[in-house]
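> Output the structure for:
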Amino acid sequence: MSNLKRNGSLRWTPSYLRRQGQMTPGQKRIYRDKWDDFGLEFRYGELIDPAVVFPGDGPLHLEIGFGMGENLIFQAKTHPEARILGIEVHKPGIGSALKKIEQEKLGNIRLMRGDARLILSDYLVEPTRFRQISVLFPDPWPDPESAHRRIVQDDLLALFEARLSPGGILHIATDVDVYRDHCLEIVSARKGWEKAGDYDGKRMRGPTRYELKGLEKDHTIHDMVFRWPG
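Residues are numbered from 1 along each chain as shown. Have a look, this model is predicted:
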């Protein structure tokens, strides 16, 4: 990942595994044919301006770790006025999302492949402000010794605070109780965040395969919605 290291050391411990799954022939084909239409490359020393790469001037929504793209499609169809940016590391998920985008003929989605912390901190112009940021069913790293690898951390919330518009919404969903507790502890430790009780998290998103896997195991789904007053 471009510029993830500084002075030979990782700037933070990634929350994802470097290699996960192989692309199917269909995913490889759609990735090759459609990445230039919907994918945004980032390079050291260059900044991306959503106002330039997205059509229209609607509100920006961000999903970090969009998996196979189910919620991206839900967001784009439910909020056709919005501009949806999805960040994912693994190519199979990106290939799946590109296929869904093409099938649904959606023009309000753009994708980036890389580390979300890196992109938010180094590669978006100022001011880039999102009305909504979603982190749905991230890898829970349930072992306490691996808690530092969970993506929801103090430094990421600081980035969210800088990148959310006043009154912007942060939506986190998980099917792991220990991850719910972790998120609530991290958010409550920072000043300013409010629980957005007027938002129904379940209705804010589409079902994902990770949610369905959790339900198959009789896990409780936790939707946590917070507002950043700005």
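> tally of neighbours for Glu145?
The tally of other residues near Glu145 (other Cβ atoms under 10 Å) stands at 7. C-beta here means a position set from N, CA and C on the backbone, and glycine is covered the same way.
> repeat for Lys191
6.
> What separation do you get for it and Leu184?
15 Å (Cβ to Cβ, to the nearest Å).
> Asp155 too?
In terms of Cβ to Cβ, Asp155 sits 17 Å off from Leu184.
> Tell me which of those two has more neighbours.
Neighbour totals were compared for Asp155 and Leu184, and Leu184 leads with 16 against 10 (other Cβ under 10 Å).
> What segments of the chain are helices?
25-38, 50-53, 70-78, 91-104, 116-122, 154-163, 177-188, 209-216 (DSSP state H).
> Of the ones you listed, which is nearest Phe226?
helix 177-188 (5.9 Å; Cβ to Cβ).
> and the closest one, how far from the chain's centre?
Centroid separation between helix 177-188 and its chain, computed with Cα atoms, centre = their mean, to the nearest Å, is 18 Å.
> How about stretch 134-150?
Distance, stretch centre to chain centre, for stretch 134-150: 14 Å (Cα atoms, centre = their mean).
> Please apply the same query to stretch 206-217.
Counting by Cα atoms, centre = their mean, stretch 206-217 comes out at 17 Å from the chain centroid.
> Please spell out which residues along that stretch are buried.
Thr208, Tyr210, Glu211, Gly214 (16 or more other Cβ atoms under 10 Å).
> how about those in CSV, adding pLDDT and distance to Thr78?
Listed next are the buried residues of stretch 206-217 as CSV, based on pLDDT from 0 to 100; distance: Cβ to Cβ, whole Å:
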residue, pLDDT, distance to Thr78
Thr208, 93, 15
Tyr210, 91, 19
Glu211, 94, 17
Gly214, 94, 22
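> how close does the closest residue to Val152 other than its chain neighbours sit to Lys202?
The shortest distance from Val152 to any non-neighbouring residue, by Cβ to Cβ, 6 or more residues apart in numbering, is to Cys183 (5.0 Å). Computed as Cβ to Cβ, the Cys183 to Lys202 distance reads 16 Å.
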